[in-house]
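Undergrad: Provided below for reference: sequence and predicted model.
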Amino acid sequence: MNSKSNHTFHIPVMGLAFTVDSPIKVARFGISSVLSLAEDRLIEMMRKKYSEVAGDDYQPIGPNVEDYRAKRITSYLNLVHRIVQKQFKTLQQEAFGEGNEIDQYFEMLPTDSVLRASYTQLLKTDCPTKKGMLANELRSKMQPGSIDVNIMTKLDKSNPSPNGDIKEENSDAVAALRGYALSELRNSSLVFSAGMNPRLFNYLEQFEDFQTGKKKVIVKVTDFRSALIQGKYLAKKGIWVSEFRIESGLNCGGHAFATDGYLLGPILEEFKTKKQELIDTMFSLFQKGEKAPAIKISVQGGIGTHEEDQLLHDYYAVDSTGWGSPFLLVPEATTVDEETMQLLAASKKEDIVLSKSSPLGIRFNYLKGTSGHKERLNRIKQNKAGSPCTEKHLAFNTEFTTEPICTASKKYIQLKLATPEGQAKKEEILAKECLCVGLSNSAAIVNKESFVKKLTAVTMCPGPNIANFSQIVSLKTMLDHIYGRIQDLTKESRPHLFLAELELYVNFLVESIEEEINTETWAKRTKYFQTFTANLQSGIEYYKTVPALAKKSFLNTLESMENELQFIQQKYTLQTIES
């Protein structure tokens, strides 16, 4: 994000297509968003579309072009940057008080924003001279939202060069990083998710913009320890992490990286109390300048109400909150095809499942009933399970082949089901779904473009929180909801953010135990489950101490969840140990 955003939230990366052009939709209003760099074919498709919109001469960058993946990414990001800059300058020059986009810019700011108050004062002012001065001052303080990008560090398949050599700089994630590094974007951030990738982190050193801070680094984490490890690693290389973006382990969209029972509240408390320790430790290794650069702490995953947003800002002192899944119901902000959007709006709690659909073998929050879901079931019914693997970004498995293949591919599923182990885990094998195409197709459908011929099914990966939203709304309405200016858009039965996450962890615990209790590994895994339950209990005890949570409805539900956890411990003889 920009060094000082006029908004207190951001739109995180969602899927591959869902935020691929979000900056073009929202950045001129000062809203920061994150787009994925994982799928370069999608990025090239969007570059073609927006080149036409911008009146640019589109020159295709085909797979026969040297370093085509990085060049596609650089070209698209440069195009997005030019479009946003042009949009912003046009907006900035508009007249006030005539219902133009410049009015929307200020009307959508936080309710307590000084800029918003000055805008209101401008509209009430009759004196032309004073009005002109106020208008000039407001225009000078406007800024577009940041155009940020995301690289999932685990998506780093090695690729051969034209002569067959495997070089580190040709890998998927490294090429994506290079594409961003060479772009014209400034005061922008690269978000790393899914853990540490040494070759990717080491590659940052080659680009001056990361050394000078013209391009910033954000690291997405699920706990303080992970932030400390990754922050120190990068600091030693002269790269300062400008923001740690905390994400709920389970109450998030897409891939879910469960903690060992550590809950979001206690994790935020640790960041709050140890932030200076984190800064000091990193700066001792950074060896640049006399004063440590600033570090922001942000949080995302399951936030749904203004009250929760305020709690995170006021009590936990976070700099920004990430609002993801609710924006899937805002066509002005994200790219979701009509059929899938209607399915999202109608979704209930049971429609969002923590699936095993991802070929990466990582649990994946998944919406049932999509065209992608139906296509997969139909293929199974016709004895044609699996997907054609056109993109190969998730082709990592070498169990049966020398060349890596994807576990959602027809080839892998056929080979795996021919083994006793495959038959024993048939349901899990058949659950795998093509994400490269499924998470890209919404953009192809919305923009009437061809992504992969004859493959049009959509996969949707919202967080569980989407079940609490049922209305397709405007951008302004969603911001009014975030900032508490309208009646809550969520369903009355919606549980508090922290309680929803706790329930997800308890359910995850039970499911994990049931999968392993009768296996040979159970004895070795007992200690893990003991630690898990102890951490959950510790989290529950913590929530009892937070003054802002001392409400009857919250405490009653918390007590009910605690009783359920104790029942689980007794049922599976998991004696509590120190967490």
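TA: Looks like it arrived, so ask away. Because the structure is predicted, anything quoted here is derived from the model rather than measured. Numbers count the residues shown, from 1 in each chain.
Undergrad: hang on, Val336 packs against Ile445?
TA: No - counting by C-beta atoms under 8 Å, Val336 does not reach Ile445; the two are 9.2 Å apart. Every residue, glycine included, has its C-beta placed from N, CA and C.
Undergrad: Please say which of these two ends up with more neighbours.
TA: Per other C-beta atoms under 10 Å, whichever of Val336 and Ile445 has more neighbours is Val336, with 28 against 19.
Undergrad: Would you pull up how far stretch 271-289 lies from the middle of the chain?
TA: Between the centre of stretch 271-289 and the centre of its chain there are 25 Å (C-alpha atoms, centre = their mean, to the nearest Å).
Undergrad: Torsion angles phi and psi at Gly322?
TA: phi -100, psi 120 (degrees, to the nearest 10).
Undergrad: Where do the domain boundaries of the chain fall?
TA: Here the domain assignment for the chain is 9-123+140-329, 338-464, 495-571, based on automatic domain parsing.
Undergrad: Would you check how far apart Met196 and Gln287 are?
TA: As judged by C-beta to C-beta, to the nearest Å, Met196 and Gln287 stand 21 Å apart.
Undergrad: Looking only at neighbour counts, state which of those two leads.
TA: Met196 (14 against 9).
Undergrad: Now do the same for the more buried one: helix, strand or coil?
TA: coil (DSSP: H, G, I helix; E, B strand; the rest coil).
Undergrad: these two touch, right, it and Lys232?
TA: No - between Met196 and Lys232 no contact is recorded; they are 10.7 Å apart, counting by C-beta under 8 Å.
Undergrad: and Thr419, how many neighbours?
TA: 13.
Undergrad: next one: phi and psi at Phe192?
TA: Dihedral angles (degrees, to the nearest 10) for Phe192: phi -100, psi 130.
Undergrad: Tell me who's in contact with the residue nearest to it when sequence neighbours are not counted.
TA: In this structure, Phe192 finds its nearest non-sequential neighbour in Val219, 5.2 Å apart by C-beta to C-beta, 6 or more residues apart in numbering. Neighbour list for Val219: 191-192, 227, 230-231, 234, 241, 243-245 [criterion: C-beta atoms under 8 Å, 6 or more residues apart in numbering].
Undergrad: What is the nearest of the residues you listed to His10?
TA: Taking C-beta to C-beta as the measure, His10 lies nearest Arg245 of the contacts of Val219, at 8.7 Å.
Undergrad: Give me the three-state assignment for that closest one.
TA: Using three-state DSSP, the structure places Arg245 in strand.
Undergrad: Which neighbouring elements make contact with the helix or strand encompassing Glu427?
TA: Following DSSP states H and E, the helix or strand that holds Glu427 is helix 426-430. If you count contacts as 3 or more C-beta pairs under 8 Å, 6 or more residues apart in numbering; DSSP states H and E, helix 426-430 packs onto helix 410-417.
Undergrad: Would you mind pulling the contact partners of the helix it packs on?
TA: Contacts for helix 410-417 (C-beta under 8 Å, 6+ apart): 384-389, 397, 399-401, 405-407, 422-423, 426, 429-430, 432.
Undergrad: same thing with stretch 529-540?
TA: Identification of contacts with stretch 529-540 by C-beta under 8 Å, 6+ apart yields 259-263, 265-266, 502, 505-506, 509, 512-513, 558, 561-562, 565, 568-569, 572, 574-579.
Undergrad: Buried only: go through those residues for me.
TA: Using 16 or more other C-beta atoms under 10 Å as the burial test, these include 259-263, 265-266, 502, 505-506, 509, 513, 558, 561-562, 565, 568-569, 572, 574, 579 as buried.
Undergrad: Sort out for me which of those residues are in helices.
TA: Among these, the ones falling in helices (DSSP state H) are 265-266, 502, 505-506, 509, 513, 558, 561-562, 565, 568-569.
Undergrad: Flag the shaky bits of this structure, pLDDT-wise.
TA: For the chain, residues meeting the criterion pLDDT under 70 lie at 1-3, 162, 575-579.
Undergrad: Can you tell me the SS state at Phe283?
TA: Recorded secondary structure, Phe283: helix (three-state DSSP).
Undergrad: That one contacts Ala294, doesn't it?
TA: No - counting by C-beta under 8 Å, Phe283 does not reach Ala294; the two are 11.1 Å apart.
Undergrad: ok, back up a step: outside of the helix holding Glu427, which residues touch it?
TA: Identification of contacts with helix 426-430 by C-beta under 8 Å, 6+ apart yields 356, 376, 380, 385, 407, 413, 416-417, 422.
Undergrad: Selection in ChimeraX covering whichever of those are buried, please.
TA: What follows is the ChimeraX syntax selecting those of those that are buried according to 16+ other C-beta under 10 Å:
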select :356,376,385,407,413,416,417,422
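Undergrad: Kind regards, and thank you for your time.
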